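What shape does this take:
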Amino acid sequence: MNLYLLMLLSHIFISHVIQEWDVHLLEKLNIHHAPIWDAAMNVITYTAAYITIAIPLICLIVAFTQKDAFLRIKAWFLISCLVTASLLASGIKQAVQRPRPWHSYQMIEKKTEGGGWSFPSGHTTGAFALAFAMGWLFEKRNGCCP
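Predicted coordinates for the structure are as follows:
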């Protein structure tokens, strides 16, 4: 019983420390906000999902046009990784239900049309899933790349 109580108290303490660190970092980033970067960040924000989806689709198109069965398998694997990561991220978002920063902190100015819950980041999840899968599939040790 004491172990469970200790684990619960540790979890509460760690969660509080992480939340304080997170808010402190958020304040620092927003204090040093450079409006000149807003346009560039909007381009990145609005194109990230399209690029993440386009890369595996381009691999699939190249695989079909070149009749490369091995590349076709890799392209479908990339697509399945993205779909799986997106479903997991959506599930975690619904479970955690962390509001967007501008809902919780007055110091944050809303710059985009961000969707529902903020954690985990859909952009980051997709980019990481794609980068990890491509790194694993196309590494030189497999002998598949020149």
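
quick check: domain ranges of the protein?
1-32, 35-142 (automatic domain parsing).

and the residue positioned nearest the centre of the chain, what helix or strand is that in?
In the chain, the residue lying closest to the centroid (Cα atoms, centre = their mean) is residue 124, at 1.8 Å. Taking DSSP states H and E as the criterion, residue 124 maps to helix 122-137.

do the same with residue 24
Going by DSSP H and E, residue 24 is in helix 2-31.

what packs against whatever helix or strand comes next after that helix?
From helix 2-31 onward toward the C-terminus, using DSSP H and E, the following helix or strand is helix 38-65. The helices and strands touching helix 38-65, judged by 3 or more Cβ pairs under 8 Å, 6 or more residues apart in numbering; DSSP states H and E, are helix 69-96, helix 122-137. For the C-beta atoms, the positions are set from N, CA and C on the backbone; glycine is no exception.

Identify each buried residue in helix 38-65, please.
Neighbour counts over helix 38-65 (16 or more other Cβ atoms under 10 Å) mark 48, 52, 55, 56, 59, 60, 63 as buried.

So for residue 40, which of the helices and strands packed on helix 38-65 sits nearest?
Among the helices and strands packed on helix 38-65, the nearest to residue 40 by Cβ to Cβ is helix 122-137 (14.6 Å).

Show me what the closest one is in contact with.
Helix 122-137 is contacted by residues 45, 48-49, 52, 55-56, 74, 77-78, 81-82, 84-86, 88-89, 115, 144 when judged by Cβ atoms under 8 Å, 6 or more residues apart in numbering.
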